[in-house]
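K.L.:
Turn this into a structure:
(chains A, B, C and D)
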Protein chains: 2
Amino acid sequence: MLIEEKAKLFKALSDPNRLRILKMLQARKLCVCEITEILELATSTVSEHLRILEAVGFIIGEKDGKWVNYMLNPHCCDATVISILSMLPFWVSNDTVTSSDVEKINSVDRNKLCCK
Amino acid sequence: MLIEEKAKLFKALSDPNRLRILKMLQARKLCVCEITEILELATSTVSEHLRILEAVGFIIGEKDGKWVNYMLNPHCCDATVISILSMLPFWVSNDTVTSSDVEKINSVDRNKLCCK
DNA sequence: TGTCCATTTCGTTTTACACCGAAATATAAT
DNA sequence: ATTATATTTCGGTGTAAAACGAAATGGACA
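P.N.:
Prediction:
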């Protein structure tokens, strides 16, 4: 992998909202509207963050009816990406913001959020 | 450490030239003009990259006569920074660019570079 | 088929960053 | 002391990124 691509891996991690997304996906798979509700950003903004994380192989999106479930990439084959993902729980561990995020995951419900 | 600060750690790693600098400093301590020679950037640009890497604790600069020796931070106490530094040789390992950089380190000589 | 709705894409704005050259700073050497 | 030089700081420029709302896309379901 070229050095420019390595840099892109870290650029994907260089935004607080994207780190929050990865932390949340450690808890469970989430759809775009659930992530949007927790981050309090525009849906289009969240979609863009997810696109960036998916482009470098950290996460994948899987169609599930009218939703798209995003999750940490379970069949990632790049050694650098794998090692970074495995280190994330240690690096990003329970500050005020991410702890609150993970708590909210238990209460968000895509059926209540979306079908208004 | 706040999530914004964690993001800044990765932002410091998100530039190819800064990754090249860290890789070079794994070989040995270098002054600004030596790094400038290898990266082929303006001195002021290199100085800025070094400032960013130093601000998050990856490297330190040490006065040595008229030069400043930059090196990987030997007395770093943050666990995240330490673990990232220890992973770097694995993540950034000998692509075309960084291999060439490390070779050049053997031939650059601050006394020939600077005293013109 | 046609409607609903979650998500993506597009266009735009604002902010941040990489880069440079020139000026300022600080240290060495004459 | 004065000059030379290694580095930092400053000002400016072009490019990239983060944010939004609006429009487009594409399943699901009536």
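K.L.:
use CA for all of it now, contacts and neighbours both
P.N.:
Will do.
K.L.:
which residues sit in contact with A:T43?
P.N.:
A:V32, A:C33, A:T36 (Cα atoms under 8 Å, 6 or more residues apart in numbering or on different chains).
K.L.:
Residue numbers of chain A in contact with chain B?
P.N.:
A:1-4, A:6-11, A:13-16, A:19-20, A:80, A:90-92, A:95-98 (Cα under 8 Å from any Cα of the partner chain).
K.L.:
change it to 10 Å
P.N.:
A:1-20, A:79-81, A:83-84, A:87-88, A:90-98 (Cα under 10 Å from any Cα of the partner chain).
K.L.:
Now, of these, which are buried?
P.N.:
A:3, A:6-20, A:80-81, A:84, A:91-92, A:94, A:98 (16 or more other Cα atoms under 10 Å in any protein chain shown).
K.L.:
Counting only helices, which of the residues you listed make the cut?
P.N.:
Residues of those located in helices (DSSP state H): A:3, A:6-12, A:16-20, A:80-81, A:84, A:91, A:98.
K.L.:
Flag the shaky bits of chain A, pLDDT-wise.
P.N.:
Along chain A, the model assigns pLDDT under 70 to residues A:114-116.
K.L.:
Please, where are all the strands along it?
P.N.:
For chain A, the strands defined by DSSP state E occupy A:30-31, A:59-64, A:67-72.
K.L.:
Could I get those in a markdown table, plus columns for distance to DNA strand C and mean neighbour count?
P.N.:
Formatted as a markdown table, those follow (distance: least, Cα to the nearest atom of the strand, whole Å; neighbours: other Cα atoms under 10 Å in any protein chain shown):
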| stretch | distance to DNA strand C | mean neighbour count |
| --- | --- | --- |
| strand A:30-31 | 4 | 20 |
| strand A:59-64 | 7 | 16 |
| strand A:67-72 | 4 | 19 |
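K.L.:
From the chain's centre, how far out is stretch A:31-44? Work that out for me.
P.N.:
Relative to its chain's centre, stretch A:31-44 lies at 11 Å (Cα atoms, centre = their mean, to the nearest Å).
K.L.:
go on, stretch A:84-91?
P.N.:
So, by Cα atoms, centre = their mean, the centroid of stretch A:84-91 is 13 Å from its chain's centroid.
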